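[1] test case, fold it:
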Amino acid sequence: MSQVRSPWGLTLDWEDNMYVTDRGNHRVQKFRRGSKIGVTVAGNANGIAGNNLASFNQCTGVYVDENQNIYVSDYYNHRVTLWTPGSTNGIIITGNGMKSFYE
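    Numbering: from 1, shown residues only. As a prediction, this is how the structure comes out:
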């Protein structure tokens with residue numbers, strides 16, 4: 001499943017690969033430079049939402065650093081996670097999965 005549904009955020013890495021938060025499919029897709037076919041690099045490849053550390057629920061923002069670490073804001077799970085290269089689970093950087101009292 002390479003199509004994106006409600007693409008939201010995007011960033012480029014140092015090799016001009018594009019990373020897109022596929023908000024409607026609850027994942028991050030990586031498109032190698034010049035390719036129209038994406039590969040899931042964070043979240044569930046099947047597009048199913050979840051709240052465990054292998055899942056997102058409407059991810060919105062993405063950033064990739066020089067070490068290929070991927071940082072993703074996870075809107076409905078109220079957190080930001082770090083995905084190291086090749087990982088199948090994120091690490092919570094901030095947030096606790098709970099909606100803020102002030103929202």
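
[2] and Asn67, which of the three is it?
    Reduced to three states with DSSP: H, G, I helix; E, B strand; the rest coil, the structure at Asn67 is coil.

[3] surely Thr60 meets Pro7?
    No. Counting by Cβ atoms under 8 Å, Thr60 stays clear of Pro7, with 10.4 Å between them. C-beta: built from backbone N, CA, C; applies to glycine.

[4] what sits against the closest residue to Asn52 other than its chain neighbours?
    Among residues not flanking Asn52 along the chain, Asn89 sits closest, at 7.9 Å (Cβ to Cβ, 6 or more residues apart in numbering). Contacts here follow Cβ atoms under 8 Å, 6 or more residues apart in numbering; on that basis Asn89 touches Asn52, Leu53, Ala54, Trp83.

[5] Tyr63 now?
    Tyr63 makes contact with Thr11, Ile70, Tyr71, according to Cβ under 8 Å, 6+ apart.

[6] just the buried residues of those.
    Thr11, Ile70, Tyr71 (16 or more other Cβ atoms under 10 Å).
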